[in-house]
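[1] Requesting a structural model of the entry that follows:
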Amino acid sequence: MNKAPQRSRASLWAAFWLLAAAGTTIPPPAFRLQAETANPAIDGARQFMAQCGTCHSVESGQTRLGPSLAHIVGRRAGTQAGFTYSEPLQQQRIVWTRANLDAWIADSRKFAPGTTMAVRIADPAKRTAIINYLQSQR
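    Alright, predicted model coming up:
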């Protein structure tokens, strides 16, 4: 077993405790490393797949149970070719901005009463991650 990583880890913890004893407030090395390597795009992709990916794709023209969400930011709602939208959504006559997507994902039936699509994600961080991911798919 290689003992070098254990010594390095022990040294980091020793430095942490010395700084903490001196009144310096820094997160422990393990938490700093996790925060520094967190990738919002990966989190957005993960959230999209967990919440939306069963019914939607981000591949252009790939219709599943729901329409493709490729290039959705800036597109008029209910206009994706090859998909039949509910009348309440078509009547919205809105463009999918970040704010509109956020309101839709928060509660689609409140956003467009009578729509057949039902989505409700209460956590604003999850909604933001999904919207960031969708916007990055250009």
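
[2] Ser60 against Leu69, yeah?
    No. The criterion here is C-beta atoms under 8 Å, and Ser60 misses it with Leu69 at 9.9 Å. C-beta here means a position set from N, CA and C on the backbone, and glycine is covered the same way.

[3] who's more crowded, those two?
    Between Ser60 and Leu69, counted using other C-beta atoms under 10 Å, Leu69 has the larger neighbour count: 25 against 11.

[4] From Gln62, how far off is the more buried one?
    If you measure Leu69 against Gln62 using C-beta to C-beta, to the nearest Å, the figure is 10 Å.

[5] ditto for Asp43
    Asp43 is 23 Å from Gln62, by C-beta to C-beta.

[6] Which one's more surrounded, these two?
    The residue with more neighbours, out of Asp43 and Gln62, is Asp43; 17 against 13, by other C-beta under 10 Å.

[7] thought the more buried one was touching Ile130?
    No. In this structure, Asp43 is not within contact of Ile130 by C-beta under 8 Å, at 9.5 Å.

[8] In the helix or strand hosting Ile130, which residues are buried?
    Element membership of Ile130, judged by DSSP states H and E, is helix 124-136. Of the residues in helix 124-136, Lys126, Arg127, Thr128, Ala129, Ile130, Ile131, Asn132, Tyr133, Leu134, Gln135 count as buried by neighbour count, 16 or more other C-beta atoms under 10 Å.

[9] Outside of it itself, list whatever touches it.
    40-41, 43-45, 47-48, 51-52, 58, 69, 72-73, 98, 101-102, 105-106, 121 (C-beta atoms under 8 Å, 6 or more residues apart in numbering).

[10] ok, which stretches of this protein are strands?
    With DSSP state E as the criterion, the chain has no strands.

[11] Please report how far the closest residue in space to Asn100 that isn't next to it in sequence lies from Ala106.
    Nearest non-adjacent residue to Asn100, counting by C-beta to C-beta, 6 or more residues apart in numbering: Ile94, 5.5 Å away. For Ile94, the distance to Ala106 (C-beta to C-beta) stands at 15 Å.

[12] sorry, back to before: just the buried ones out of the contacts of helix 124-136, please.
    43-45, 47-48, 51-52, 58, 69, 72-73, 101-102, 105-106, 121.
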